[in-house]
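Participant: next come a sequence and a model predicted from it.
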Amino acid sequence: MFTEEEPDICPREYKSSILTMFMRIDRRFMAKCFGQMQELGIYPGQIPVLGLLAHKDGLSQREIAEKLHIKPPTVNVTVQRLEKAGFLYREADEKDQRISRIYLTEKGKQAKESGMKKVQDNEKILLDGFSEEDLCLLRRFLDQITENIEKIPVASGKNNTRKERQQK
């Protein structure tokens, strides 16, 4: 029986693993951003904390961890570094002295603004040449990938987040 081979619609250079491509993009983009952020005295990973506090000042470390979906020890180190650099300060909670509320300093507000501007400028460069339709489709694909991540079975090890362990 004769079957016609279907044409290959994906050029060879686009046959890399999608995950490999994501990792390559992330590494290269973060390397470029790292140098730019260092000029401001911050690290790229600190921008979300500064941005969150700019939006809602006075959060606790636990609240920051929950809202940014990062581990509390990571937040602790980030907050300590930002505090040492003068970007934020802590005050004891009025109702519960055991809780520290975290606030941006003026220097922190300026760093957040400068850092976000650089990130936005970089994103604009990154997406240069894409039409609005392309970007809409890309966002849809990325949303689908994000949803699909939830379908990946959770390991039974100790590295699971508290939320993942509670879902079992």
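Facilitator: Sure thing, it's come through.
Participant: test my guess that Asp93 contacts Ser60.
Facilitator: Yes. Between Asp93 and Ser60 there is a contact at 7.3 Å, judged by CB atoms under 8 Å. All C-beta atoms are positioned from the backbone trio N, CA, C, and that covers glycine.
Participant: out of the two, which sits in the busier spot?
Facilitator: Taking other CB atoms under 10 Å, Asp93 and Ser60 do not tie; Ser60 has more neighbours (17 against 13).
Participant: return the distance of stretch 117-134 from the chain's centre.
Facilitator: Stretch 117-134 sits 17 Å away from the centroid of its parent chain (CA atoms, centre = their mean, to the nearest Å).
Participant: phi first, then psi, for Arg101.
Facilitator: Main-chain torsions, Arg101, degrees, to the nearest 10: phi -100, psi 140.
Participant: equivalent analysis for Lys56, please.
Facilitator: Taking degrees, to the nearest 10, you get phi -140, psi 90 for the backbone angles of Lys56.
Participant: burial measure for it, as a count.
Facilitator: By other CB under 10 Å, neighbour count at Lys56 equals 10.
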